[in-house]
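Participant: quick check, what structure comes out for this input:
(3 chains)
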Amino acid sequence: MYYLWVFLIGGFICMLGQMLIIYTNITSARILVTFVLIGVILQAFNIFAPISEFAKAGINVPIIGFGASLAKGAMSAVKSKGLLGAFTGGLEATAGGIAAAIIFAFIFSLIFKSKTK
Amino acid sequence: MKKNQTVKFRNKPKIIGSYSIVGPKEGKGNFAPFFNYIMKDDSFGEDSYEKAEKKMFEHAIVKAIEDAKIQPDDVNLLLAGDLLNQIISSSYAARNFNYAYLGLFGACSTMAESLAVGASLIDGGLFDTIVCATGSHFSTAERQFRFPLELGNQRPPTSQWTVTGAGSCVLSSKGDGPRITMATFGKVIDFGIKDVNDMGAAMAGAAMDTMLAHFRDTKTVPDDYDLIVTGDLGKLGSEILVDLMEVNGVKLGLNYNDCGQMYYMRNQNMLSGGSGCGCSATILNSYIINKLRKGELKRVLFMPTGALMSTTATQQGESIPGICHAIVIECDPQSADNYYEKVSTTKTYKTSRGNRKKGA
Amino acid sequence: MDETKRNEAYNRYVKAKIPKTKAWPSLFNSFWVGGVICCLGQGINDLILYWFPSMAEQTAWAYTLIVLIFLASFLTGIGVYDKIGKFAGGGSIVPITGFSNSITSPALEFKHEGIIYGIFVKMFTIAGPVIVTGVVASFIVGLIYIFI
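Facilitator: Numbering: from 1, shown residues only, chains lettered A, B, ... in the order given. The predicted structure is shown next:
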């Protein structure tokens, strides 16, 4: 049953992105930046966790989840390491995703060519 | 006294040869029957699209000289330009030819710019035979001005599709063919449009300015031409131009059209239409010159427009300046008669559809 | 007429002239494609937890995202993702798959300029800002948390 929530909330967030595209004509880089910021803010005010509770992938898969885990990493690292945690925490928490994106991009760019449209 | 932007050519340089080469998508468009060569694959056997664009250039230049039935050594000067940074496609193609070379940049208006400059040089008796060439490639333009090809984004409804294609023609003081009788050199006009996805609107102002200057200088009206054709304003831009001209008291009728708007079929879903140097160049060198040779069109006002923008300037918040050059090409009644004479005597009715070779 | 006034008037006129496309179809497409991608992520997450019940939730999410990033990167490589993007717009940009697409697509595009100056340098032309904003913003959040 929670798949319905995942679908509805995930879809709604993506639709917000599409609304930004249609009504403000912004490019995809700006959309990604906006949504990462939204995630960071949601996490900073501790709103992310309760939403994530029932939305699950609906909010973790959109790039909002990426922003939230950056902020979450920084927040928890600050507790254990102090100031150093503010520097290291964010990237530590998201290192997997960033490294995966880089590694797969590198591998596939060696294998494939961009095709004409 | 108002400055005169228009030159009239007394010796009437002739277009004695022309050639157009287009990509597969363009080959499915409205002008497919008129193109000389349709590439099966728009990499044209090269490993990068920049190299493919360069190869299209070379191909178009060589074949246009063949079409003119002159010796390659007869050519005095090559005038060429394209959209890429430092006009690499034309310059790199030019190193394979033993001709003097002038690189021109007029963005998408380069075809008219090169023809106007070439015609002036010939009319002044400075050169005998000049080759003018220009072209563009969707994939190279997309990478330079927009996004990587594989990026999953949507195009806004005003965006245009850069035509993959190159066109080339041979101008000469001797020989048979449509004559260039007038040229109007345009000014750079900026109406403050900043949206890079709305080039039609950015260039419409330049088209209006040049068109008004042309009608004023030559004391002609739109009805004096069989066809008035702008380069790549697209659907939106050409509607804007019609409105702008009406505001200035000139009514454009059914003889007006736009290359970009006409280029693709409706079902190809190209939003506002085609754009790029190749857009006007391939239509001029296929459809228009073909009709002028046969005498089916008598007098054409050809005025491609160009948006002189770069990504750097746009990112710094500059608006997009536009330019438009106009040339008048007239059918040579004598050569049109010759054309039909040749047709009736040899009994081989050679349209470009017959000449077209398929595939690479 | 004053030039800036003329330009303003022209911009207003152009804005009114731009064809209005219906927003609903594209919003609907982005909605259901985005929803499906999220459900896919949930499915992967559930499968991982089903096979490795002892795995921590945080780790399972990390693997889920890695699988999604892999899929998007692969689909970009074979030239499918941009077609999904053309159809769905925000539906395929906003999920983490869009982030993956925005790293893989310039890497593919600039392959011809060589591995170091092409792939490595250009890889972050689109996604770089995402990482920069994320890191800077999380640093600021962490800094604030030291004091409260």
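
Participant: where does residue C:55 sit: helix, strand or coil?
Facilitator: Assigned by DSSP: H, G, I helix; E, B strand; the rest coil, the conformation of residue C:55 is coil.

Participant: so what's it up against?
Facilitator: Residue C:55 sits next to C:48, C:49 when contact means Cβ atoms under 8 Å, 6 or more residues apart in numbering or on different chains. Every residue, glycine included, has its C-beta placed from N, CA and C.

Participant: so it versus residue A:76, what's the distance?
Facilitator: 19 Å (Cβ to Cβ, to the nearest Å).

Participant: same check on residue A:19?
Facilitator: Here the criterion is Cβ to Cβ. By it, residue A:19 lies 33 Å from residue A:76.

Participant: same question for residue B:324.
Facilitator: 61 Å.

Participant: low-confidence stretches in chain A?
Facilitator: By pLDDT under 70, chain A contains no weakly predicted segment.

Participant: which residue does it have closest to chain B?
Facilitator: Chain B sits closest to residue A:114 of chain A, with a gap of 4.5 Å, by Cβ to the nearest Cβ.

Participant: please name the nearest non-neighbouring residue to whatever residue of chain C ends up closest to chain B.
Facilitator: Chain B sits closest to residue C:85 of chain C, with a gap of 1.9 Å, by Cβ to the nearest Cβ. Counting by Cβ to Cβ, 6 or more residues apart in numbering or on different chains, residue B:152 is the residue found nearest to residue C:85 once chain neighbours are left out, at 1.9 Å.

Participant: that neighbour and residue C:100 touch, don't they?
Facilitator: No - using Cβ atoms under 8 Å as the test, residue B:152 is too far from residue C:100 to be in contact (10.3 Å).

Participant: the helix of greatest length in chain A near chain C at all?
Facilitator: Ranked by residue count and defined by DSSP state H, the top helix of chain A is helix A:83-111. Yes - counting by Cβ under 8 Å from any Cβ of the partner chain, chain C has neighbours in helix A:83-111: A:83, A:85-87, A:89-91, A:94, A:96-98, A:100-102, A:104-111.

Participant: picking up where we left off before, where does the residue nearest to residue C:85 land on pLDDT?
Facilitator: Looking at residue B:152, its pLDDT stands at 85.

Participant: same deal with residue B:355?
Facilitator: 45.

Participant: check residue C:58 too.
Facilitator: 87.

Participant: how close does it sit to residue B:138?
Facilitator: Residue C:58 sits at a distance of 45 Å from residue B:138 (criterion: Cβ to Cβ).

Participant: one more: residue A:97?
Facilitator: In this view, residue A:97 and residue B:138 are 33 Å apart by Cβ to Cβ.

Participant: and for residue B:74?
Facilitator: Applying Cβ to Cβ, the value for residue B:74 to residue B:138 is 34 Å.

Participant: for residue B:221, same thing?
Facilitator: Distance, residue B:221 to residue B:138, using Cβ to Cβ: 37 Å.

Participant: got it, and residue A:66?
Facilitator: 33 Å.

Participant: so which residues of chain B form helices?
Facilitator: Along chain B, counting by DSSP H, helices occupy B:49-67, B:88-94, B:110-123, B:138-145, B:199-218, B:234-247, B:259-263, B:277-283, B:289-294, B:311-315, B:333-346, B:352-355.

Participant: relative orientation of the longest one and helix B:234-247 in degrees?
Facilitator: Helix B:199-218 runs at 40 degrees relative to helix B:234-247, counting by axes from the mean of the first three to the mean of the last three Cα atoms, to 10 degrees.

Participant: what packs against helix B:199-218?
Facilitator: Using 3 or more Cβ pairs under 8 Å, 6 or more residues apart in numbering or on different chains; DSSP states H and E as the contact definition, the elements that helix B:199-218 packs against are strand B:6-8, strand B:179-184, helix B:234-247, strand B:299-303, strand B:305-307, strand B:322-324, strand B:326-330, helix C:3-17.

Participant: spatially central residue in chain C, please.
Facilitator: Centroid check for chain C by Cα atoms, centre = their mean gives residue C:98 as the closest residue, at 2.8 Å.

Participant: how about that one, secondary structure?
Facilitator: Three-state assignment for residue C:98 (three-state DSSP): helix.

Participant: for chain C, what are the nearby residues on the stretch 151-300 of chain B?
Facilitator: Contacts of the stretch 151-300 of chain B with chain C, taken as Cβ under 8 Å from any Cβ, map to B:151-155, B:157-158, B:190-193, B:198, B:201, B:205, B:235-236, B:239-240, B:243.

Participant: now these: which count as buried?
Facilitator: With neighbours counted by 16 or more other Cβ atoms under 10 Å in any protein chain shown, these contain buried members at B:151-155, B:158, B:190-193, B:198, B:201, B:205, B:235-236, B:239-240.

Participant: so how far is residue B:84 from whichever residue of the stretch 101-250 of chain B sits closest to chain A?
Facilitator: Residue nearest to chain A within the stretch 101-250 of chain B (Cβ to the nearest Cβ): residue B:149, separated by 4.5 Å. The gap separating residue B:149 from residue B:84 is 16 Å, by Cβ to Cβ.
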